[in-house]
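>>> I would like to see how this sequence folds:
(2 chains)
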Amino acid sequence: MSTLTQSAYLLTALCFILALKGLSSPKTARNGNLIGAFGAALAVVVTVSQRHLGHRVPIIAAIVIGTVVAVPAARVVKMTAIPQMVAMFNGVGGGAAMLVALDEYVRLHRLDSTAAAIAVAFAAIVGSVSFTGSLITFAKLQEMMTGRPIVVPGAQFVTSVVALGALGCGVAAIATSNVALLIVCTALSLALGVLFVLPVGGADVPVVISLLNAFTGLTVAASGYVLNNTLLIVAGTLVGASGTMLTQLMARAMGRKITGVLFGAFSGSSSAGSTAEVVSTDRGVRSAGADDIAILLAYARKVAIVPGYGLAVAQAQHTCRELVDLLESRGVQVFYAIHPVAGRMPGHMNVLLAEANVPYEQLKEMDDANPEFSSTDVAVVVGANDVVNPAARDSPGSPIYGMPILNVDEATNVVFMKRSMRPGFAGIDNALLYHPKTTLFFGDAKDSLSKLVAAVKAL
Amino acid sequence: MNNVGLLTIFILSMFVGFEVISKVSAVLHTPLMSGANAIHGVILVGAILITGTADGGVQLTLGLIAVVLATANMVGGFVVTDRMLEMFKGRGKARAAVAKNTTPEGPAS
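Sure thing, here's the model as predicted:
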């Protein structure tokens, strides 16, 4: 490899560090991302223009195909669907890294050092888990399958056997340099990725995406080791380390332990969810029409809006803002209470509300919002459920127990805008729905908000 | 490069990775994850290198699939991150505008 190429790779590695640094502050985030993109483009151009590169035409064609598929997908995806898009891109990256390591192994299957063989086996296992695991998270978030934990009797046993099998084949492949064993190892790892993610509960999926992201990073680093390529080692390790860190931060923001996220679903949490559901059918709820709720809101002193995924799905951010503006013009004090994982991922709701130009001053993060609820007259929960579920605070048996929530139940009145009585993404019933101070307003979030806007105007 | 050299790079990168991320507000977790996701798309370089020296149909096919997947990861990752951050920029502007006008009723739309 020429000195020029090496220097270009060094520059790219620096760009990546600056990109991550930039992305950790709102002011520099966008530039950080652009610096990263520049670095990546530089590395690719330099690599493709190497003099000794064979198959240049098919390679460029493949790059064009990848770009033509990914750019429109990334451009048209709705902001609500961002988390699954990230999961998908992460999955294909993991798949690519795994293929690179395998391909290298097939070629030099008498790999010169044991260290390189270990790296190949590592990349095959971790890359495969990341690939199929990410596809399952994609399917869960896209609602192509249920978001609730899927727990099959004996699943834990099967998962353990498959994991041990993959590991055993990996070790055997290292010892014997046998390609067939490595392929069996890869196949088992692909299955492991599926088994690993299936039992993860809906609300924990983003944490798993972040973890798989770190996995892909480590796979890339391992591939870099096999290829003796420092850029891949640096970039992969950066993502692996920062991804691990980010996974911890996210889990903490949700009040979850990583081990609880990964293995919680195995141990009875789903049964707690289903018993709550059985109870719920006997209890009555109070629902009201737009006019009653409009009066409640218009004559309140202080109103809190708690936006959730339902608001985003209905694309109701703009209508919501209209209602808030209207209430403010009547002298009502309004704020938005944003849970750290409102939407589907930490920070997702901020992105969505920013899209609707909601003034920054009206947004309150959870820690600032919670002291306000006791003096709030009406808390309007628009399409959120789990993040206001008092069970997270009060009932130790609940699967979401320990997750920090917005204390909406401290407000004088609570209005829930919901499409139906269907439980939230975590699949857990919410006792607050049946509380005497709660009023339900059924319907699509956007529809309901438009009706409210009309009703408040008519007062 | 020898093994110790590669190991050195690995460990130093790990520390840089931890250090760079240590204090990030929850607001930026999603874009940050997405950005990191795009960065590991640089596996494209590895995919190109192995495809470039491939001989035989199997190697070439595996390599080209890896190139397509890695490109999707890298390009898509950066584009989607930029779209997310574009909105933060919009909010920054709105904030600046509010600060300038300081109308008592809040910002006029």
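>>> counting neighbours, what do you get for the residue nearest to residue A:144 when sequence neighbours are not counted?
Residue nearest to residue A:144 in three dimensions, not counting chain neighbours: residue A:138, with 7.9 Å by CB to CB, 6 or more residues apart in numbering or on different chains. Just so you know, the C-beta spots here come from the backbone N, C-alpha and C atoms, and that holds for glycine as well. A count of nearby residues for residue A:138, using other CB atoms under 10 Å in any protein chain shown, gives 24.
>>> and the helix or strand residue A:138 falls within, what's buried?
Assessed by DSSP states H and E, residue A:138 sits inside helix A:114-141. Applying a neighbour-count criterion of 16 or more other CB atoms under 10 Å in any protein chain shown, the buried positions in helix A:114-141 are A:116-141.
>>> phi first, then psi, for the residue nearest to residue A:201 when sequence neighbours are not counted.
Distances taken as CB to CB, 6+ apart place residue A:149 nearest to residue A:201, at 4.4 Å, with adjacent residues excluded. Residue A:149 adopts backbone torsions of phi -60, psi 140, taken as degrees, to the nearest 10.
>>> ditto for the one 4 residues further on
Torsion angles at residue A:153 (phi, psi; degrees, to the nearest 10) stand at phi -60, psi 140.
>>> quick one: it from chain B, how far?
Look at residue A:153 and chain B: by CB to the nearest CB, to the nearest Å, they are 34 Å apart.
>>> give me the neighbour count for that residue.
7.
>>> how many other residues sit next to residue 71?
I'll assume chain A. By other CB under 10 Å, 17 other residues sit near residue A:71.
>>> meant chain B, my bad for not saying
28.
>>> now it. Nearest residue, chain neighbours left out?
Nearest residue to residue B:71, sequence neighbours excluded (CB to CB, 6+ apart): residue A:66, at 2.6 Å.
>>> mind listing what the one you found touches?
With CB atoms under 8 Å, 6 or more residues apart in numbering or on different chains as the criterion, the residues that contact residue A:66 are B:67-72, B:75.
>>> got the CA positions of stretch A:354-361 in PDB?
Output in PDB follows, covering the C-alpha atoms of stretch A:354-361 (Å, rounded to 0.1, in the frame of the first residue of the first chain):
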ATOM      1  CA  ALA A 354     -38.200  20.600  15.700                       C
ATOM      2  CA  GLU A 355     -39.600  19.600  12.400                       C
ATOM      3  CA  ALA A 356     -42.900  21.400  13.400                       C
ATOM      4  CA  ASN A 357     -40.900  24.500  14.500                       C
ATOM      5  CA  VAL A 358     -42.000  24.200  18.100                       C
ATOM      6  CA  PRO A 359     -40.100  26.900  20.000                       C
ATOM      7  CA  TYR A 360     -37.300  25.500  22.000                       C
ATOM      8  CA  GLU A 361     -38.400  27.400  25.100                       C
END
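>>> if I look at residue A:393, how far off is chain B?
According to CB to the nearest CB, residue A:393 stands 19 Å off from chain B.
>>> nearest residue to that residue in space, please, no chain neighbours.
In space, and not counting its chain neighbours, residue A:393 is closest to residue A:405: 5.9 Å by CB to CB, 6+ apart.
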